[in-house]
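Novice: here's a sequence, model it:
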Amino acid sequence: MLNKKELISKLITEYITEIPMIINKKTSKKDIKYEHRNEYDVIKRKIDNYIDKNEVHKRFIVLP
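Specialist: Next comes the predicted model:
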C-alpha cells in the first residue's frame, strides 16, 4: 500500500503525463490543428519587445 506522499506524487505524475494529450485534444479536431488568432502574434510581439527592452513605453496588456 502506498503512503500519502507516494499516492499524491503518483497522481501528480499521471496528471503531468496527460497534459500534452489534453492540450492537443483541445487545440485540434481529428488531428487537424485549429488556426490561431492573429491577436496572438501581436500580443506575443509586444511582450517580447517589452522583455527585450525595445519598448520604451510602459504598457498594460489585458488578455481576454
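Novice: CA only for contacts and neighbour counts going forward, please
Specialist: OK.
Novice: which helix or strand contains the spatially most central residue of the chain?
Specialist: Ranked by distance to the mean C-alpha position of the chain (C-alpha atoms, centre = their mean), the top residue is Ile23 at 8.6 Å. Ile23 belongs to helix 4-26 when elements are defined using DSSP states H and E.
Novice: report pLDDT for Leu11.
Specialist: The predicted structure scores Leu11 at 90 on the pLDDT scale.
Novice: for Met21, see how far away it is.
Specialist: Counting by C-alpha to C-alpha, to the nearest Å, the separation of Leu11 from Met21 is 16 Å.
Novice: Glu14 too?
Specialist: Applying C-alpha to C-alpha to Glu14 and Met21 gives a distance of 12 Å.
Novice: what of Thr27?
Specialist: For Thr27, the distance to Met21 equals 10 Å [C-alpha to C-alpha].
Novice: these two: who's more crowded?
Specialist: Regarding Thr27 and Met21, a neighbour count based on other C-alpha atoms under 10 Å identifies Thr27 as having more, with 14 against 11.
Novice: wait, the more buried one sits on Tyr34?
Specialist: Yes. Contact criterion C-alpha atoms under 8 Å: Thr27 and Tyr34 qualify, at 5.9 Å.
Novice: just how off-centre is stretch 8-16 within its chain?
Specialist: Its chain's average C-alpha position is 19 Å from that of stretch 8-16, according to C-alpha atoms, centre = their mean, to the nearest Å.
Novice: and the contacts of it?
Specialist: For stretch 8-16, there are no surrounding residues in contact (C-alpha atoms under 8 Å, 6 or more residues apart in numbering).
Novice: report the rounded mean pLDDT for stretch 33-42.
Specialist: 76.
Novice: contacting residues around that stretch?
Specialist: Where contact means C-alpha under 8 Å, 6+ apart, the residues beyond stretch 33-42 that reach it are 27-28.
Novice: that's all I had, so thanks and see you.
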